[in-house]
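Undergrad: Pasting a predicted model and its sequence here:
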Amino acid sequence: MIGSLLSNAGVWMPLAWLFVLVVTWAIVYYIRSRGEARYHKDTEQVRPFLAGHPETSKAAMHVRASNEYWGFMEALKGYYHPLIKGHTGNLNDYICWFICILAIVLVLVISVGV
Amino acid sequence: MFILRFVVAPIIAILGAIFVGLIIMGIDRILAARMQSRVGPPLRQPFWDVKKLMIKENIIPENAISWLFNAAPVICLAVVSTILLYLPLAGFSPILAAHGDLIVVVYLLILPALAKVIGGFASGSPFASVGAQREMVMMMSYEFPLAIIAVSVAWLLSKVHPSLDAFSLQAIATHPVWGLVKGPLGIVGLILLLVSLLVVTPGELSVIPFDLPDAPTEIVGGVLAEYSGRNYALFYLASAVKLVVLPSLLIAIFFPYGISGLFNVGAAAAGVIDVVFFLVKLFVILFFSVTCVHVLAARLKIDQLVNTYFMAMTAVSLVGLVLIVLDAAI
């Protein structure tokens, strides 16, 4: 049986949300159905708007996955650059990082325990 | 009772929110125009805009993934309307109070933005793709301060009233946060959280200076560049409903007070007074956090936006949380 998801502090019943979503979806779909559905297929109006620039290949028209988070990476480059620099691809470096972090965590745990 | 709660209430909520949202849009446009020494459009202009869009051609670009392109505006409006059912409006309990809380609302607020992202990427237009990318980055940036605000308020409520469901919006609305803190530290902490939520509001609404996903003068409408006709009308209506949803959340957390108790009137008249007072609070919040801001400020760059939300507002929210904890500890 599917009931509410309960934690010590939160509650959510997904079925209730899904049910009202179906109702709101039906209303929205009705509103949409009242609008004009027609347009002129196979004419210039279905071409993407490129502000007068010529269309290159379809693939080149999309934002590449590596650029998806460009703004985020640019704003936080002070944080990301040292991290990227640290990714040398050398296993010895990763193990060295692991031991250093483990040592710091141990010191913290022991000092709090004392 | 089931039909009333799960069928009639959503219908009233969506139609009421669309009506109020479009009125607010009209008022916002008039006030913004007056601040710029213009006459501005009439109050009913947003209604005419929707009517005009509904009779325009609904063009589907040749590069678009048509079913996703058509589904995105429907998802956006349908989902944003469901959020209303979890919020206490005008002193009334949330319709789905027993089925979701503040955490659910914070998560549901992501979905309309995600629908815009899906619609943008499905458009097959470089402008829309750039807009969708910006929408995603913006969403990631303002979610962090929003989550901290939610946790701070819930922590404060659980500290003072351990028996209550701390994330329940009904519990938060019936126990105003200003009465839960002991001294000036707590008050300052709450003011910082309020400021943070006021700054997050225009971002959620994608208005200047946080309108990077649309940016008409820069990426010709961005996410919505290829949308027209009835699909565009649904996104327009979703923006109107959001104008009700976000201030309602802010009111529920920080200003849940009613004034019907000051008058010696019956239950029906008290309900009307509280609804009118709620609408006044809605207008005031939108005037300061949206109208004034988009008249006075210019559009930020994407890295400035991330710095504003992810760094500055997160820091402000965290300081607010720390002050509240210190206030409770002293």
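TA: In hand now; what should we look at? Residues are numbered from 1 along each chain as shown, chains lettered A, B, ... in the order given.
Undergrad: B:Leu87 sits in which helix or strand?
TA: According to DSSP states H and E, B:Leu87 maps onto no helix or strand at all.
Undergrad: what's the neighbour count on the residue of the stretch 101-250 of chain B found nearest chain A?
TA: Here the residue of the stretch 101-250 of chain B nearest chain A is B:Arg230; by Cβ to the nearest Cβ that distance is 2.7 Å. Using the backbone N, CA and C atoms, a C-beta is placed for each residue, glycine as well. By the criterion of other Cβ atoms under 10 Å in any protein chain shown, B:Arg230 has 23 neighbours.
Undergrad: Which residues does the lengthiest helix in chain A contact?
TA: In chain A, taking DSSP state H as the definition, the longest helix is helix A:91-113. Outside helix A:91-113, the residues that touch it by Cβ atoms under 8 Å, 6 or more residues apart in numbering or on different chains are A:Gly86.
Undergrad: Give me the mean pLDDT for that helix.
TA: The average pLDDT for helix A:91-113 rounds to 90.
Undergrad: distance between it and the chain's centre?
TA: Its chain's C-alpha centre and that of helix A:91-113 lie 31 Å apart, by Cα atoms, centre = their mean, to the nearest Å.
Undergrad: Report the residue spans of the chain with pLDDT below the cut-off.
TA: Picked chain A for this. For chain A, the stretches flagged by pLDDT under 70 are A:1-9, A:55, A:58-63, A:113-114.
Undergrad: Oops, wrong one, chain B.
TA: For chain B (pLDDT under 70), the answer is none.
Undergrad: Tally up the residues packed near the residue of chain A found nearest chain B, please.
TA: At 2.7 Å from chain B, A:Gly35 is the closest residue in chain A, using Cβ to the nearest Cβ. Neighbours of A:Gly35 under the rule other Cβ under 10 Å: 20.
Undergrad: thought it was touching B:Ile55?
TA: Yes - assessed by Cβ atoms under 8 Å, A:Gly35 is found in contact with B:Ile55 at 7.4 Å.
Undergrad: which residues in chain A form helices?
TA: Taking DSSP H, the helices of chain A run over residues A:14-33, A:70-75, A:77-86, A:91-113.
Undergrad: Grab the CA positions of the third one and hand them over as CSV.
TA: Think helix A:77-86. Output of helix A:77-86 as CSV, limited to C-alpha atoms (Å, rounded to 0.1, in the frame of the first residue of the first chain):
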residue,chain,number,x,y,z
LYS,A,77,36.5,29.5,-10.9
GLY,A,78,38.4,30.4,-7.8
TYR,A,79,37.0,27.2,-6.3
TYR,A,80,37.1,25.0,-9.5
HIS,A,81,40.5,25.9,-10.9
PRO,A,82,42.6,24.5,-7.9
LEU,A,83,40.3,21.4,-7.9
ILE,A,84,40.9,20.8,-11.7
LYS,A,85,44.6,21.4,-11.2
GLY,A,86,44.6,18.7,-8.5
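Undergrad: chain center to that helix: distance?
TA: Per Cα atoms, centre = their mean, the displacement of helix A:77-86 from the mean C-alpha position of its chain is 20 Å.
Undergrad: For it, which residues meet the burial criterion?
TA: Within helix A:77-86, no residue counts as buried by 16 or more other Cβ atoms under 10 Å in any protein chain shown.
Undergrad: Could you check it against chain B for contacts?
TA: No - under the criterion of Cβ under 8 Å from any Cβ of the partner chain, chain B is not reached by helix A:77-86; the shortest gap measures 8.6 Å.
Undergrad: Not counting its own residues, what contacts that helix?
TA: A:73, A:93, A:97.
Undergrad: residue contacts, B:Ala328?
TA: By Cβ under 8 Å, 6+ apart, the neighbours of B:Ala328 are B:156, B:159, B:181-182, B:186.
Undergrad: what secondary structure does it sit in?
TA: helix (DSSP: H, G, I helix; E, B strand; the rest coil).
Undergrad: how close does it sit to B:Leu321?
TA: Distance, B:Ala328 to B:Leu321, using Cβ to Cβ, to the nearest Å: 11 Å.
Undergrad: now B:Tyr236
TA: Here B:Tyr236 is placed at a distance of 36 Å from B:Leu321 (Cβ to Cβ).
Undergrad: same deal with A:Asp42?
TA: Taking Cβ to Cβ, one finds A:Asp42 at 58 Å from B:Leu321.
Undergrad: next one: B:Val20
TA: Noted for B:Val20: a distance of 32 Å to B:Leu321, by Cβ to Cβ.
Undergrad: Compare the two and say which is more crowded by neighbours.
TA: B:Leu321 (20 against 16).
Undergrad: pretty sure that one is in contact with B:Ala150, am I right?
TA: No - contact criterion Cβ under 8 Å: B:Leu321 and B:Ala150 do not qualify, at 10.7 Å.
Undergrad: re earlier: deepest of the helices of chain A, which one?
TA: The highest mean neighbour count among the helices of chain A, using mean count of other Cβ atoms under 10 Å in any protein chain shown, belongs to helix A:70-75: a mean of 20.
Undergrad: how deep is A:Arg47 tucked in, by neighbour count?
TA: Quick note: A:Arg47 (other Cβ under 10 Å) scores 13 neighbours.
Undergrad: which ones are touching B:Leu87?
TA: B:94, B:105, B:169, B:245, B:248-249, B:252.
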